[in-house]
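Undergrad: no sequence on this one, just coordinates:
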């Protein structure tokens, strides 16, 4: 028999707890948050377009979400086994790889969006 579901506000509360725990405990999540702040500052200074803002915020969400999923995968694997097992390594490495791919693509996108604006701002374009 399934238990009674928590009220919706409690579900949101648990989700926010997870986000804040990820930010507090994970070095890479802190790095992603710092990068997001820097991008927002650069975007405001350089006057990026509405479309460019949307792309930036989509990429922030993607990377931070993947980092939280990576953290969850690592936690579950560590909970299940402390032994070195090939499948545990595969799970952790592929989850980390997903974050890395998204971060690389975000960096490339950032160069495409910001480099021309930086060059123009510096009077080099």
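TA: Cool, got the structure. These numbers come from a predicted model, not from an experiment.
Undergrad: in contact with residue 6, which residues are there?
TA: Residues near residue 6 by C-beta atoms under 8 Å, 6 or more residues apart in numbering: residue 14. From N, CA and C alone the C-beta is placed, and that goes for glycine too.
Undergrad: gap between it and residue 13?
TA: Taking C-beta to C-beta, to the nearest Å as the measure, residue 6 falls 9 Å from residue 13.
Undergrad: can you check residue 68 too?
TA: Residue 68 is 16 Å from residue 13, by C-beta to C-beta.
Undergrad: elements contacting the strand or helix carrying residue 21?
TA: Assigned by DSSP states H and E, residue 21 falls within helix 8-25. Under the contact criterion of 3 or more C-beta pairs under 8 Å, 6 or more residues apart in numbering; DSSP states H and E, helix 8-25 touches helix 27-46, helix 50-80.
Undergrad: what sits up against it?
TA: With C-beta under 8 Å, 6+ apart as the test, helix 8-25 has contacts from 6, 29, 30, 33, 67, 68, 71.
Undergrad: what do you get if the cut-off is 10 Å, keeping everything else the same?
TA: With C-beta atoms under 10 Å, 6 or more residues apart in numbering as the test, helix 8-25 has contacts from 5-7, 28-30, 32-33, 64-65, 67-72, 75.
Undergrad: kindly report the same for stretch 98-116.
TA: With contact meaning C-beta under 10 Å, 6+ apart, stretch 98-116 is reached by 28-29, 31-32, 35-36, 38-39, 42-43, 46, 48-49, 51-53, 55-56, 58-60, 62-71, 73, 118, 121, 125.
Undergrad: with stretch 34-41 instead?
TA: Contact with stretch 34-41 is made by 48, 53, 56-57, 59-61, 63-64, 103, 106-107, 110, 113-114, as judged by C-beta under 10 Å, 6+ apart.
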